[in-house]
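**Student:** Sequence plus the predicted model coming up.
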Amino acid sequence: MGDDDYQAKLAIVGLGGAGSNLINRMYNGGIKSATTIALNTDAKHLNMIGAHKKILMGREITHGLGAGGFPEVGMKCADASKKEIQDALNGYDLVFLAAGMGGGTGGGSIPLVAQMAREQGSLVVAFVTYPFSLERSRKLKADWGLEQLVKNADTTVVIANDKVLGYAPNLPMEKALELIDNVAINAVKGIADTIMLPSLINLDFADVRAVMRDAGTAVINLGGGTGPDKVQKAITSTVQHPLLDIEAEGGKSALVHVTGSASLTIEEATMVGSGVTEMLDERANVIFGSRLSPELTDQIKVMSVITGVKAKLGSSPVRLSSAANSSDNRWLDAIEAL
């Protein structure tokens, strides 16, 4: 029996246009820790995507022309391709799902695909984006999709577009959308790499399962720091930049991932972990991992996922605070392209 027989098997599944774009970037970036799978109803878009596996869902329903923004069509297409999807998901211990909520294919299919993966015994962690406040009809669709998704995924991490751009309001549109993608990419890749690759402080699959099994809605926080006081900068920028309006007091567990240069010490990494989870109950289950990244120079990047929170969706656009303004550059550094 080889070493691979003792390793967890991970898959990252992108659904719809936004989810498939994320998969394309991860595949082209050479991700080694997980299998990438793209699911879409738009044949033309799917043909442009790089992935280890690709499935055109509901080809007899939409004829490869997309779901037209109707989530019920996306769900029907996933159901029509159920056997093909189940075969693609078979054998994975942890399945990450990624989609933009509020559209047709991604928001409509992700609840059903989550159900399929869980029925096969996988831990299912969904990363989804929530529409901008001005997208009124998309928000209604997103609310419907999220209600279905949280019933079927173990953990649903919601990234509010308003929140991300509230911290960086002056970016060009293309850069802004790339920034939103980077949040999910860094989170998924950070968790996957720390499970599968040698690390300063290892996370194993059992750790992730302990935090994320049946955990409900979660919030992700990202931050970073450089220079002599990089530890405190990393803590401050992380806790000041939650990507969803929540009631944090309900948080029952957290997964914290710290990435640093070759000079990062265990003491510095654990100080960051303690600082970004200080607001949680002292009985909260905190799982911590850390990796060294050769391309970082005197820099720390932090990702924390707090589970079991109560989300406040559909609120008015985020207003900038002085704290957010003062640390914009450090926060943006933390979610630069991989």
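**Tutor:** Looks like it arrived, so ask away.
**Student:** which residues of the stretch 1-150 of the chain score low on pLDDT?
**Tutor:** Scanning the stretch 1-150 of the chain for pLDDT under 70 picks out 1-6.
**Student:** same check, this time on the stretch 151-300 of the chain
**Tutor:** Ranges of the stretch 151-300 of the chain meeting pLDDT under 70: 246-250.
**Student:** And the strands in it, which stretches?
**Tutor:** Under the criterion DSSP state E, counting those that start in this stretch, the stretch 151-300 of the chain carries strands at the ranges 155-160, 216-226, 246-247, 253-260, 285-292, 299-307.
**Student:** Now those in TSV, please, with extra columns for mean neighbour count and distance to M116.
**Tutor:** Any C-beta I mention is one placed from the backbone N, CA and C, and that applies to glycine too. TSV is the format used below for the strands of the stretch 151-300 of the chain (neighbours: other Cβ atoms under 10 Å; distance: least, Cβ to Cβ, whole Å):
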stretch	mean neighbour count	distance to M116
strand 155-160	26	16
strand 216-226	24	20
strand 246-247	15	28
strand 253-260	27	24
strand 285-292	20	26
strand 299-307	27	22
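**Student:** any chance of those strands in JSON lines, plus distance to E178?
**Tutor:** Listed next are the strands of the stretch 151-300 of the chain as JSON lines, based on distance: least, Cβ to Cβ, whole Å:
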{"stretch": "strand 155-160", "distance to E178": "14"}
{"stretch": "strand 216-226", "distance to E178": "15"}
{"stretch": "strand 246-247", "distance to E178": "25"}
{"stretch": "strand 253-260", "distance to E178": "20"}
{"stretch": "strand 285-292", "distance to E178": "23"}
{"stretch": "strand 299-307", "distance to E178": "17"}
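**Student:** show me the contacts for the residue nearest to V13 when sequence neighbours are not counted.
**Tutor:** The shortest distance from V13 to any non-neighbouring residue, by Cβ to Cβ, 6 or more residues apart in numbering, is to I37 (4.5 Å). Counting by Cβ atoms under 8 Å, 6 or more residues apart in numbering, I37 makes contact with 11-14, 23, 51-55, 88-89.
**Student:** cool, and G14?
**Tutor:** The contact partners of G14, by Cβ under 8 Å, 6+ apart, come to 20-24, 36-39, 49, 51, 98-99.
**Student:** now do S20
**Tutor:** Residues in contact with S20 (Cβ under 8 Å, 6+ apart) are 14, 38-40, 45-46, 49, 51.
**Student:** in the stretch 51-200 of the chain, which spans are helices?
**Tutor:** 59-62, 71-80, 82-89, 105-119, 136-152, 161-166, 173-196 (DSSP state H, counting those that start in this stretch).
**Student:** Might you calculate how far the first one sits from the centre of the chain?
**Tutor:** Relative to the centre of its chain, helix 59-62 is centred 29 Å away, using Cα atoms, centre = their mean, to the nearest Å.
**Student:** Check which helices and strands it sits against.
**Tutor:** Identification of packing neighbours for helix 59-62 by 3 or more Cβ pairs under 8 Å, 6 or more residues apart in numbering; DSSP states H and E yields helix 71-80.
**Student:** For the closest residue to S81 other than its chain neighbours, grab the count of nearby residues.
**Tutor:** Using Cβ to Cβ, 6+ apart and skipping residues adjacent in sequence, the residue nearest S81 is M57, 4.3 Å away. M57 sits with 31 neighbouring residues when counted by other Cβ atoms under 10 Å.
**Student:** what sits against M57?
**Tutor:** 39-41, 74, 77-78, 80-81, 85, 105, 109.
**Student:** partners of the closest residue to V183 other than its chain neighbours in the sheet?
**Tutor:** Distances taken as Cβ to Cβ, 6+ apart place I159 nearest to V183, at 5.3 Å, with adjacent residues excluded. For I159, the beta-bridge assignment (DSSP bridges) gives partners T129.
**Student:** Please report how far I159 lies from S293.
**Tutor:** Relative to S293, I159 is positioned 22 Å away (Cβ to Cβ, to the nearest Å).
**Student:** same check, this time on G107
**Tutor:** 33 Å.
**Student:** quick one: which of these two has more around it?
**Tutor:** G107 (34 against 15).
**Student:** Report the residue ranges of every domain in the chain.
**Tutor:** 9-153, 220-334 (automatic domain parsing).
**Student:** Relative to M212, which of those is closest?
**Tutor:** domain 9-153 (5.5 Å; Cβ to Cβ).
**Student:** about what we covered before: distance to F205 for the helices of the stretch 51-200 of the chain - can I get that in JSON lines?
**Tutor:** Shown next, in JSON lines, are the helices of the stretch 51-200 of the chain (distance: least, Cβ to Cβ, whole Å):
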{"stretch": "helix 59-62", "distance to F205": "34"}
{"stretch": "helix 71-80", "distance to F205": "26"}
{"stretch": "helix 82-89", "distance to F205": "16"}
{"stretch": "helix 105-119", "distance to F205": "15"}
{"stretch": "helix 136-152", "distance to F205": "20"}
{"stretch": "helix 161-166", "distance to F205": "29"}
{"stretch": "helix 173-196", "distance to F205": "6"}
